[in-house]
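Undergrad: just coords:
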């Protein structure tokens, strides 16, 4: 059984602390006191794994985490994140500063540098203000504690243009007893499959072997963080980290198939909620859409078509305008680079994933009332289901609408 | 020598007529008298070729043109276009109606059905109002004439959300005498490489052999119509047609290399102007951007990176906001799926393709004044040049900015 924990986050699993500090990383003239250094700290060593941006432009903190995890993924103790500055396009100095963040964390907590992972998010091409950052790390470590409030503070510390804090936690009853999984994420603009300006930290008090945790992170990210799209752009800093400290005394073992499946399901549930919250908080977003493509020849083709629909500006503006414009969905599907028979396709829409209204059948307009379609598109949560009738593969992606708010935020971001 | 002809269009080459009629295809309550049936007619037989949408959803007029040209590309006499209704997602009835458009044209002019090509643009999923269309074809044929005004009327008849008419014509001095090339296009939203809701007709009074014209059309379209992007979406109806009637008495012959190269250049010039006019009239567009990617390992990779930059909503909103945000250009390039060394890249911007300001060098911010970058981005025409330093291949694409106007047009199109 999986039970959702109200107000839960990275500190919900046993032995995890959270903390944050406000040090004006962004350097705004009138310091607004925004929390911009965030710490997740485990009382004991963790196995750990990460999923990272696939961009050719990789920010130094991503490089440092990848190097660190390659050497040590069994005695990780914490994650240090700053918002307000992405430490991206910063070259050798950026690498040195990311390493310095590890060192400061290690020195304050009597640990080694390679026991800390680091993340940064914010403006690109500006060196980190290290004096502030170092002071922030010291203060955030001082701030650390095990309560929900500490988890909330850590979650707030990673936000940038996010309009609400993103947290999720569950408790899972396994045969040996309960374990917990908690997490936090941040997103807003530039969100896309294969990771985006998306940061996430997921913690669990289950024990997961070092040779198992990487695959578990990847499997969970593939069906959650890698299934969302806000504007098709991805960033230089995308990182989702999973830390397992084993404080529950229960080890996740693939040989216990039932427990293993249940834990994987719970991990996916937390990652999916964290990912969907990012979409719901997409820059200027007013709608949340689930795009399902079924009947494809392969999962890759289903994903490609779903993703093309999800990133189409014409589909996203139709969502914004509450206009059930199936022509735009068909046009996007048609240019996805996947071969299918247009006169075999069916397009349906709905609000709950259970009740559907067919807009087209056999590639031609179905017999439906325009008012019924408009009523579905007027809701906040919209499901779009395209069946290609070519095979058995299906994929789901989540996206949001594209509004005047998106233009306002992104046409005026730096000015 | 290539001379641009003021106010020239499809009727500038000898022996071509244009005409149009207003028949309220769209069925708006208060008939606004918009010209919505357009004819291009040649006094004598033409060789012809077309470039068509690559979408899996293909509208009936595209299918009919492909079938017609496969059977007959040497005695084409005209192109009949209606705006206001795309005759797309209309199935067997749509095919029958597209054929009927050919028949009506043929009957009125004592020709065969397979001597006419047809195009449609407008709303999807609604059958053509054939009574109006047939009346419109008769009236538009009656309206036909050889003057610039007739060319202008034909050009107006294909417009939909376009805010200005798109025409271009040149005269080329070949060794045997002058020949002319003229054309018209329509576009606005949904414009993307590999064709979009883009229609175009190009005419020439040069003679081009039937086995040569297809390749000439493809070569010209590849570096013009297939190099533009408004919002990354493509349509079901995209068609560009080339008709050569030989009325100048001069044949384009590959064995005369100098003439052949000059004619190809002139054809590309007309197609490029028609394509660029589409971008300049992109829905809500206020800026025109030329994206050059050089130093790629192949032209395909250069094109892929340039195209990813051109379709990035974050780049396009930065253009709208006059924000020289190189981080967004790098982020788009980084996720294009092309491998390169971020620390070898150089990014420059300018307004004329000759004078450049470096924003990054070796992947790091260059030493420039923010005010200089802002001044470049404040202009209407912006050039962005990314060098990957991996090879010798380069490609150019053209795009526009993404503004509140785009959202307004597309969130409210049908309502």
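TA: Right, received. Where do you want to start? Predicted model, so just to flag it, every value in this text is computed and none were measured.
Undergrad: I'd guessed residue A:197 sits against residue A:122; true?
TA: No. Assessed by CB atoms under 8 Å, residue A:197 is found out of contact with residue A:122, at 9.0 Å. Where you see a C-beta, it was placed from the backbone N, CA and C, and this is true even at glycine.
Undergrad: so between the two, which is more surrounded?
TA: When neighbours are counted by other CB atoms under 10 Å in any protein chain shown, residue A:197 comes out ahead of the other of residue A:197 and residue A:122, with 30 against 20.
Undergrad: and the next element down the chain from the longest strand along chain A?
TA: Assignment by DSSP state E gives strand A:37-52 as the longest strand of chain A. Using DSSP states H and E, the next helix or strand after strand A:37-52 towards the C-terminus is helix A:60-71.
Undergrad: list the contacts for residue A:38?
TA: A:18-20, A:80-83, A:140, A:153-158 (CB atoms under 8 Å, 6 or more residues apart in numbering or on different chains).
Undergrad: repeat for residue A:259
TA: Neighbours of residue A:259 in contact, by CB under 8 Å, 6+ apart: A:174, A:175, A:176, A:252, A:253.
Undergrad: part of a helix, is it?
TA: Yes. Checked against DSSP: H, G, I helix; E, B strand; the rest coil, residue A:259 lies within a helix.
Undergrad: the lowest-mean-pLDDT helix or strand in chain A near chain B anywhere?
TA: Across the helices and strands of chain A, mean confidence by mean pLDDT, DSSP states H and E is lowest for strand A:228-229: a mean of 80. No. Shown here: strand A:228-229 not in contact with chain B (CB under 8 Å from any CB of the partner chain), separated by at least 10.8 Å.
Undergrad: how far off centre is the following helix or strand past that strand?
TA: Reading on from strand A:228-229 to the C-terminus, the next helix or strand found by DSSP H and E is strand A:239-244. Put simply, strand A:239-244 sits 11 Å off its chain's centre (CA atoms, centre = their mean, to the nearest Å).
Undergrad: ok, strand A:239-244: who's next to it in the sheet?
TA: strand A:37-52 (antiparallel), strand A:199-204 (parallel) (DSSP bridges).
Undergrad: and the helix or strand following the last one, what does it pack onto?
TA: When you say that, I think you mean strand A:199-204. Using DSSP H and E, the helix or strand that directly follows strand A:199-204 along the chain is helix A:210-222. If you count contacts as 3 or more CB pairs under 8 Å, 6 or more residues apart in numbering or on different chains; DSSP states H and E, helix A:210-222 packs onto strand A:37-52, strand A:239-244, helix A:257-280.
Undergrad: in the longest one, which residues are buried?
TA: By that I understand helix A:257-280. For helix A:257-280, burial by neighbour count (16 or more other CB atoms under 10 Å in any protein chain shown) applies to A:259-260, A:262-263, A:266-280.
Undergrad: can you give me the buried ones in stretch A:334-341?
TA: A:334, A:335, A:336, A:338, A:340.
Undergrad: same question for stretch A:53-69.
TA: A:53, A:55-62, A:64-65, A:68-69.
Undergrad: one more: stretch A:119-128?
TA: A:119, A:120, A:121, A:122, A:123, A:124, A:125, A:126, A:128.
Undergrad: off-centre distance for that stretch?
TA: Computed by CA atoms, centre = their mean, the chain-centroid distance of stretch A:119-128 equals 19 Å.
Undergrad: do me a favour and get the end-to-end distance for it?
TA: This stretch, stretch A:119-128, spans 12 Å end to end (CA to CA, to the nearest Å).
Undergrad: in three-state terms, label the residue of chain A most remote from its centre for me.
TA: No residue in chain A sits farther from the centre than residue A:367, which is 39.0 Å out by CA atoms, centre = their mean. Of the three states, residue A:367 takes coil under three-state DSSP.
Undergrad: ditto for residue A:14
TA: Quick answer, by three-state DSSP: residue A:14 is coil.
Undergrad: and for it, the neighbour number?
TA: Around residue A:14 there are 21 residues (other CB under 10 Å).
Undergrad: from what I can see it touches residue A:249, true?
TA: No. The criterion here is CB under 8 Å, and residue A:14 misses it with residue A:249 at 9.2 Å.
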